[in-house]
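*Asks:* after the sequence you'll find the predicted model.
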Amino acid sequence: MRMNGARIIVESLIREGVDILFCIPGGTVIPLFDELYKNGNDIRLIIPRHEQGGTHAADGYARVTGKTGVVIVTSGPGATNTITGIANANMDSIPLVVITGQVPTSKIGTDAFQESDIIGITLPITKANFLVTHVKELAVTLRKAFYIAKSGRPGPVLVDIPVNIQQNQTEYVYPAKIELKSYNPQEFGHPKQIKTAIKLIAASEKPLVLVGGGVNFSDSTELVNEFCNALNLPVVTTLMGHGVNPGREDLYYGGIGMHGSLYGNYAVQNADLIIALGVRFSDRILGDPRTFAPSAKIIHVDIDPAEIGKNTNSHLPIVGHVGSVLRLFLKMDKNVRDHTEWISELTRLKKKHPFTYDKNKFLKPQHIIQLAHKYFPVDTIVASDVGQNQMWVAQYFRFKQSRKLLTSGGLGTMGFALPAAIGAKIGNPDNEVLMIAGDGGFQMNIQELMTIRRYDLNVKMIVIDNKYLGMVRQWQELYCDKRYSATESPDNPDFAEIARVIGIRALTVNCPEEAEESIKELAASKESMLVHALVDPEENVLPMVPAGKPLDQILTKM
């Protein structure tokens with residue numbers, strides 16, 4: 001069938017099962033939007049208020065559904081406005097296909113109106129990117145883009161399509177299968193390595209399972225739970241790994257790293273074997289890499305061979321899909337060493353050092369998040385922003401299912417939570433979606449409140465307002481003798497009033513006595529609603545391992 005490039009794009013999206021697009025039109029994508037208009041209702045268009053917001057929304061959609069998020073924007077500033085969202089997805093291994101318009105092929109390189117070299121700009125932050133220079137290449141390029149974005153270690157792929165390619169015609173043939181000689185992800189771990197791993201697990205006296213984001217995004221959380229239950233193995237998580245829920249609570253020891261639990265970090269530092277599943281071993285997890293898990297051998301399972309041995313030594317690397325490796329682990333003989341003493345040691349520490357905070361006349365952010373955990377359903381999707389609010393969510397909101405915590409783990413993107421919550425609600429409309437953000441991050445994409453109103457989305461929101469860029473202020477307290485340079489925000493607006501003007505229910509809470517009723521009302525609301533929580537301005541996230549220090553050098557007070 002002969003058709004123009006714009007129609008080829010639409011047909012290809014339908015073939016890939018795309019039914020949601022996060023997009024903003026512009027000059028170089030007019031032919032594409034015209035075809036989308038003619039197509040009718042097969043694909044729903046979500047128009048955000050900013051391209052960064054749209055890219056984060058596609059990211060949130062991908063995180064909760066497991067599908068590939070798709071973004072369409074115009075050339076020049078439209079394309080460059082997606083950069084932060086693309087980099088965020090790249091760091092956290094989120095599948096996106098970003099389609100950008102481009103000036104005509106005859107104008108590329110002439111500094112034409114709204115031209116930017118988006119291929120060159122995004123080369124370091126995409127899994128792959130393509131400039132389509134002939135309409136005959138368009139269908140196969142899109143097929144490659146979706147295959148690369150979702151397979152192996154997921155990530156963002158950008159396809160740059162000049163406007164004349166959208167207008168030109170050719171015969172449409174969509175490849176049924178793609179094979180790339182230079183790209184062949186290894187799904188199954190090496191049998192010899194797995195056999196060795198099983199021997200190490202069986203012989204270990206103090207084993208520890210370390211779960212990363214790769215477990216969530218490979219939908220392997222239940223396999224981890226089964227593995228821990230079957231072999232009596234304690235488990236900890238990275239920030240991105242929250243969601244595991246073994247049958248016995250005494251096998252779960254929370255998050256580790258800079259703001260992890262004291263008992264979780266203790267487990268890492270005293271284990272004799274760490275089974276790391278889908279973990280990047282970032283600096284926020286390692287602390288001082290020279291002292292990380294000094295007594296442990298590390299079995300590192302990851303689908304990306306580049307991550308193994310990158311930041312810490314792995315004694316036994318296994319390259320493969322986490323789920324396929326866990327299924328083989330579950331076949332091992334269950335007669336392993338008795339871990340009762342090790343579990344009891346960790347349990348005593350867990351009871352002795354729970355997460356806690358000082359209560360005074362101020363409303364505490366930890367209290368707000370505890371109440372949210374109490375009143376929202378267990379399958380609530382929480383989109384947290386970056387900074388103190390992010391760490392308090394990780395500490396005080398117990399996630400028991402996969403794909404329920406959405407947060408910017410690698411890039412640390414302030415402004416992520418609000419649009420990510422929008423994408424999550426669109427992708428999973430039957431679940432409660434709760435956004436938790438600090439005052440600083442919330443303002444960075446506050447325009448997306450209008451997207452919530454436009455599409456009548458039932459998104460619940462809590463803004464933790466301490467009148468500071470809180471995490472930076474905390475570091476300034478620790479390292480700069482309270483010289484709060486450029487972090488104070490005494491002129492914050494009334495976020496509840498802003499929400500009400502847009503047409504969203506809102507209330508303000510500023511004292512502990514009002515907190516419970518406010519969060520109960522938020523959880524019970526049948527429409528979108530915002531709670532503006534005015535909290536203790538100098539509350540800190542504790543415990544804390546100072547940057548670059550060993551995980552056992554942990555601060556419990558400033």
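*Replies:* All right, it came through fine.

*Asks:* now do the strands in the stretch 401-550 of the chain.
*Replies:* Ranges of strands within the stretch 401-550 of the chain are 405-406, 433-438, 459-465, 505-509, 529-534, based on DSSP state E, counting those that start in this stretch.

*Asks:* T380: which of these is closest?
*Replies:* Closest approach to T380 among these (Cβ to Cβ): strand 433-438, 5.5 Å. (Each C-beta comes from the backbone N, C-alpha and C, glycine too.)

*Asks:* which secondary structure elements does that closest one contact?
*Replies:* helix 365-375, strand 381-384, helix 388-396, helix 417-427, strand 459-465 (3 or more Cβ pairs under 8 Å, 6 or more residues apart in numbering; DSSP states H and E).

*Asks:* CA atoms of the first one as PDB?
*Replies:* Taking C-alpha atoms only, helix 365-375 is exported to PDB below (Å, rounded to 0.1, in the frame of the first residue of the first chain):
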ATOM      1  CA  PRO A 365       6.900  15.600  56.800                       C
ATOM      2  CA  GLN A 366       7.600  12.100  58.100                       C
ATOM      3  CA  HIS A 367       4.200  12.100  59.800                       C
ATOM      4  CA  ILE A 368       2.400  13.200  56.600                       C
ATOM      5  CA  ILE A 369       3.900  10.300  54.700                       C
ATOM      6  CA  GLN A 370       3.100   7.800  57.500                       C
ATOM      7  CA  LEU A 371      -0.500   9.000  57.300                       C
ATOM      8  CA  ALA A 372      -0.500   8.600  53.500                       C
ATOM      9  CA  HIS A 373       0.700   5.100  53.900                       C
ATOM     10  CA  LYS A 374      -2.000   4.400  56.500                       C
ATOM     11  CA  TYR A 375      -4.900   5.700  54.500                       C
END
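
*Asks:* residues making contact with it?
*Replies:* For helix 365-375, the surrounding residues in contact (Cβ atoms under 8 Å, 6 or more residues apart in numbering) are 355, 357, 359, 382, 388-389, 392-393, 395-398, 434, 436, 462, 464, 466, 509, 512, 515-516, 519-520, 522-524, 531, 533, 535-536, 539.

*Asks:* how much space separates R143 from V157?
*Replies:* R143 sits 11 Å away from V157, going by Cβ to Cβ, to the nearest Å.

*Asks:* which one of those two has more residues nearby?
*Replies:* V157 (28 against 18; other Cβ atoms under 10 Å).

*Asks:* and the helix or strand hosting that one, what does it pack onto?
*Replies:* V157 is part of strand 156-162 when elements are defined by DSSP states H and E. In terms of contacts (3+ Cβ pairs under 8 Å, 6+ apart), strand 156-162 is packed against helix 83-92, strand 96-102, helix 118-122, strand 128-131, helix 138-150.

*Asks:* and E16, which of the ones you listed is closest to it?
*Replies:* Minimum separation from E16 across the helices and strands packed on strand 156-162 (Cβ to Cβ) falls at helix 138-150, 4.9 Å.

*Asks:* what's the spacing between that closest one and its chain's center?
*Replies:* Put simply, helix 138-150 sits 23 Å off its chain's centre (Cα atoms, centre = their mean, to the nearest Å).

*Asks:* same check, this time on stretch 211-225
*Replies:* Remark: stretch 211-225 is offset 14 Å from the chain centroid, using Cα atoms, centre = their mean.

*Asks:* can you list the buried residues in it?
*Replies:* For stretch 211-225, burial by neighbour count (16 or more other Cβ atoms under 10 Å) applies to 211-218, 220-221, 223-225.

*Asks:* adding secondary structure, write those residues out as a markdown table.
*Replies:* Formatted as a markdown table, the buried residues of stretch 211-225 follow (DSSP: H, G, I helix; E, B strand; the rest coil):
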| residue | secondary structure |
| --- | --- |
| V211 | strand |
| G212 | coil |
| G213 | helix |
| G214 | helix |
| V215 | helix |
| N216 | helix |
| F217 | helix |
| S218 | coil |
| S220 | coil |
| T221 | helix |
| L223 | helix |
| V224 | helix |
| N225 | helix |
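
*Asks:* nearest to R403 among these?
*Replies:* Comparing the buried residues of stretch 211-225 against R403 with Cβ to Cβ picks out N216 as the nearest, at 5.8 Å.

*Asks:* I'd say that closest one and R403 touch.
*Replies:* Yes: here N216 reaches R403: they are 5.8 Å apart, a contact under Cβ atoms under 8 Å.

*Asks:* and for these two, which residues touch both?
*Replies:* Joint contacts of N216 and R403 (Cβ under 8 Å, 6+ apart) are G243.

*Asks:* and the helices in the stretch 201-350 of the chain, which stretches?
*Replies:* Ranges of helices in the stretch 201-350 of the chain, per DSSP state H, counting those that start in this stretch, are 213-217, 221-231, 262-270, 283-286, 322-329, 340-352.

*Asks:* again with the stretch 401-550 of the chain
*Replies:* Under DSSP H, counting those that start in this stretch, the stretch 401-550 of the chain gives helices at 417-427, 439-444, 449-454, 470-479, 495-502, 512-524.

*Asks:* winner for burial among those?
*Replies:* Highest mean neighbour count among the helices of the stretch 401-550 of the chain (mean count of other Cβ atoms under 10 Å): helix 417-427, with a mean of 30.

*Asks:* tell me which other helices or strands that one touches.
*Replies:* In terms of contact count using 3+ Cβ pairs under 8 Å, 6+ apart, helix 417-427 is assigned the packing partners strand 20-23, helix 51-65, strand 381-384, strand 405-406, strand 433-438, helix 439-444, helix 449-454, strand 459-465.

*Asks:* identify the residues contacting stretch 484-495?
*Replies:* If you take Cβ under 8 Å, 6+ apart as the criterion, stretch 484-495 is touched by 439-440, 442-443, 463, 465, 467-469, 472-473, 476-477, 506, 508, 530, 532.
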